[in-house]
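Q: Sequence plus predicted model, see below.
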Amino acid sequence: MEIRRRKTPLLPLSSEEYRAVACWMREFTLSKPIKNISRDMSDGVMVAEILKSLFPKMVELHNYARCNSMQNKLSNWQTLNRKVLRRLNIYLDERMMQDLASGNNGTLEILLHELMIRHRQMKDNEDNGMEQPPQRPFIMLR
């Protein structure tokens, strides 16, 4: 699978990349079923659950609360961005966090795709006994 770096403007995923993300998502046991990925994951809680599964020492789930208000969703995304994503060299700007919290179609899938790629690269390096090379920053801008 080709690794695509996102630049401004944000490029949509190909149908193959969407399928890869959908298959990857089935690997996780989440706290509630997903009917509409962008809407159901807009509060950031299930993204935190995925990250907790992938990187157990990085995520403390008590920092993220299920919510419906835009303000609380943004707070969850800001916390996730500050405490976890930056440690993975992934940076979300304010507009991207608003898009994620609003459930704008395609935005969450792009983030999940990048998380999937990062995790696979780290796992491949670990399996090959390689030290983790510094990852190029992934900056999601709108």
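A: Arrived safely, thanks for sending. Everything numeric in this text was worked out from a predicted model, so none of it was measured. Residues are numbered from 1 along each chain as shown.
Q: If you count neighbours, what's buried in the helix or strand hosting Asn81?
A: For Asn81, the element it lies in under DSSP states H and E is helix 70-83. By neighbour count with 16 or more other C-beta atoms under 10 Å, helix 70-83 contains the buried residues Asn72, Lys73, Leu74, Ser75, Asn76, Trp77, Thr79, Leu80, Asn81, Lys83. (C-beta placed from N, C-alpha, C; glycine too.)
Q: quick check, nearest of those to Lys52?
A: Minimum distance to Lys52 across the buried residues of helix 70-83 is 10.9 Å, recorded for Leu80 (C-beta to C-beta).
Q: Grab the nearest non-local neighbour of that closest one.
A: Excluding its sequence neighbours, the residue lying closest to Leu80 (C-beta to C-beta, 6 or more residues apart in numbering) is Gly44, at 5.2 Å.
Q: and the helix holding Asn81, what does it pack onto?
A: Applying 3 or more C-beta pairs under 8 Å, 6 or more residues apart in numbering; DSSP states H and E, we find helix 70-83 packed against helix 45-54, strand 90-92, helix 94-102.
Q: Distance from that helix to the middle of the chain?
A: 13 Å (C-alpha atoms, centre = their mean, to the nearest Å).
Q: And stretch 17-30, by the same measure?
A: 12 Å.
Q: quick revisit: surely the residue nearest to Leu80 is in contact with Leu74?
A: No: under the criterion of C-beta atoms under 8 Å, Gly44 makes no contact with Leu74, lying 9.0 Å away.
Q: Give the intersection of the neighbour lists for these two.
A: Common contact partners of Gly44 and Leu74 (C-beta atoms under 8 Å, 6 or more residues apart in numbering): Ala101.
Q: And for stretch 31-39, what's in contact with it?
A: Residues outside stretch 31-39 that contact it (C-beta under 8 Å, 6+ apart) are 25, 40-41, 45-46, 49, 103-109.
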